[in-house]
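# Here you go, sequence then predicted model.
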Amino acid sequence: MPAESFFSLTGSSTPTPVMNNGKRKGIVVFSGGSAANNLVDVFKTVRENKKCHLSYVIPISDNGGSSSELIRVFGGPGIGDVRSRLVRLIPDDPDHDDSEKAAIKVFFNHRLPKDRDAAKLEWLHIVEADHSLWTNITTAKKELIRAILNLVNFEILKRRRPSSTFDFSGASIGNLFLTGARLFTGSFESAIYLLSSVCSVPNHTSVLPAINTNFTHHISAGLANGMVITGQNSISHPSVTTALDNAAPSKDEDTEYHDAIEDANLPGSLPTLRKQYINFSKADEDDLPARIERLWYINPYGQEIRLAANPIVINALRETQAVIYSIGSLYTSLIPSLILKGVGDAIANPAIRYKILILNSTTDRETGPSSSPFSAMDFVAAIAKAGAESRSFVGEAGKHEYGAYVTHLIHLTGPGTPRVDKEALNEVGIETIKVYGRRVEGESFVRYDEKALIQALEVTLGREQRPEKSRRNTLEG
């Protein structure tokens, strides 16, 4: 019987793996922020079916957008992707009108105006509690949130200098709250716990920073032509210049100029890591001059360093039945988490039966250039190389090692999708699963159909109940 017919008629009877203590093994999803947020409901449904814990591992190396100004003034990790996932996980209950949860989601997703003066004025209205955003938030939560926001406002005032003032342009209220919570508790982990509690994130789902730190950690990428690009924002989407850049003298790249600005950066650190990157565009990005070959962490002076993963991430990987690499930017959303010490060994453990790559529906700046876009095999090779580097193996990972990091690949077909060579992937031990996508008006690429993706994941992981028949999915393997 063809695989598609078997899937549609019977489903899988694979039992759910359990640990020695009888607890069901969980699912770990590696992802970045905005792209993977579109699949949160997919992973939620799969988790509910497996009745297990779900962990999201999020990198903390982003130095663009409003996070860049928080990093410049306060230091600390890039928190934007962690915040966006926590807020996205606020539960929706269609059977009950929960106006407070809806209001909290709007509140923490809110961004201040792009105009600097208007942004500061609106911020003051928020901390003084006379802004409409507070509507429908109960007094207890309102005063807790206000206390944290007033704390971060006080810290901003303390750090005000003639050479450096905080720019509220486009600032995320959720990012400001998470920063204030981190400053108050002295713990990034505690700050995440507080925001999770305020957002009523269910206990069965965790958002784990790839590194648990109070420090800033940046990344660099090496291209095939020998060029090195420093800082995640420069790798992924170069910024539009900001007010601070425009105020610089003609040699604004000089370290001496940036040393004269009193902020959280160490004297002598790389100027490219000290700029404001508040304004950037993800549209109309120029191709990189060559393919990215490698990514690594650096200290403030540009020297390569090796960092250990968050111990909670390693524990989650030890207790998981499946690793899922979600859609998103390959080199700035996935690889920063995979190259950390301990991650490669944990993923390569044969006890993890399912290591599933959900292939992007298109290529981007990081997986080009457009003249030579990444294929599915290139995505797999980059993940395997990152895992090998995590284990201190230098150089390319051999194809015989690919199956240690990826066992299944889910993909779309159509114009612009990465090329999938099914036979070549099968030869290295990777099963391919093709699903149908959907087109959204105004977009030039295909999106995953949620129902088809859920069914593809469930047939891979083994579903305990009969799936609904569907013609929107095909299983190849």
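Received it, and whenever you're ready, just let me know what you need. The model shown is predicted, which means the values in this text are computed figures rather than measured ones.

# Give me the below-cutoff pLDDT ranges for the stretch 351-477 of the chain.
Flagging of the stretch 351-477 of the chain using pLDDT under 70 yields the residue ranges 394, 463-477.

# got a list of what Ser372 touches?
Applying CB atoms under 8 Å, 6 or more residues apart in numbering, we find Ser372 in contact with Arg291. C-beta here means a position set from N, CA and C on the backbone, and glycine is covered the same way.

# any chance you could read off phi and psi for it?
Main-chain torsions, Ser372, degrees, to the nearest 10: phi -150, psi 70.

# Against Asp287, how distant is it?
10 Å (CB to CB, to the nearest Å).

# which strands and helices sit next to the helix or strand Ala103 falls within?
According to DSSP states H and E, Ala103 maps onto helix 99-109. Applying 3 or more CB pairs under 8 Å, 6 or more residues apart in numbering; DSSP states H and E, one finds that helix 99-109 makes contact with helix 80-88, helix 139-158, helix 173-185.

# Helices of the stretch 201-350 of the chain, residue ranges please.
Secondary structure of the stretch 201-350 of the chain (DSSP state H, counting those that start in this stretch): helices at 232-236, 243-246, 255-259, 311-318, 335-338, 343-348.

# Present the ones you listed as CSV; the columns should include distance to Leu295 and mean neighbour count.
Below are the helices of the stretch 201-350 of the chain laid out as CSV (distance: least, CB to CB, whole Å; neighbours: other CB atoms under 10 Å):
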stretch, distance to Leu295, mean neighbour count
helix 232-236, 8, 24
helix 243-246, 25, 14
helix 255-259, 24, 16
helix 311-318, 18, 17
helix 335-338, 5, 27
helix 343-348, 13, 22
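
# wait, which of the helices and strands packed on helix 99-109 is closest to Val57?
helix 80-88 (10.2 Å; CB to CB).

# tell me the domain ranges of the protein?
Using automatic domain parsing, the domains assigned to the chain come out as 3-59+307-461, 66-209.

# Which one of these lies nearest to Asn265?
Of all the domains of the chain, domain 66-209 sits nearest to Asn265, with 6.8 Å by CB to CB.

# Just the mean pLDDT for the closest one, thanks.
On average, the pLDDT along domain 66-209 is 95.

# Could you say which one of the helices and strands packed on helix 99-109 comes nearest to Tyr297?
Closest to Tyr297 of the helices and strands packed on helix 99-109 is helix 80-88 (CB to CB; 16.5 Å).

# counting contacts, what elements does that closest one pack onto?
Under the contact criterion of 3+ CB pairs under 8 Å, 6+ apart, helix 80-88 touches helix 34-37, strand 54-58, helix 99-109, helix 173-185, helix 188-198, strand 205-209.

# For that helix, which outside residues touch it?
For helix 80-88, contacts defined as CB under 8 Å, 6+ apart pick out 31-34, 36-37, 40, 56, 58-60, 62, 65-67, 105, 108-109, 172, 174-175, 178, 192, 195-196, 199, 201, 207, 209, 333.

# Distance check, Asp115 against Asp167.
Distance, Asp115 to Asp167, using CB to CB: 11 Å.

# So these two - more neighbours on which side?
Neighbours were counted for Asp115 and for Asp167 using other CB atoms under 10 Å; Asp167 has more, 20 against 13.

# show me what contacts the residue nearest to the spatial centre of the chain?
Per CA atoms, centre = their mean, the C-alpha nearest to the average position across the chain is that of Gly32, at 1.3 Å. Residues counted as contacts of Gly32 (CB under 8 Å, 6+ apart) are Ile58, Pro59, Asp81, Ser326, Gly328, Ser329, Thr332, Ser333, Leu334.
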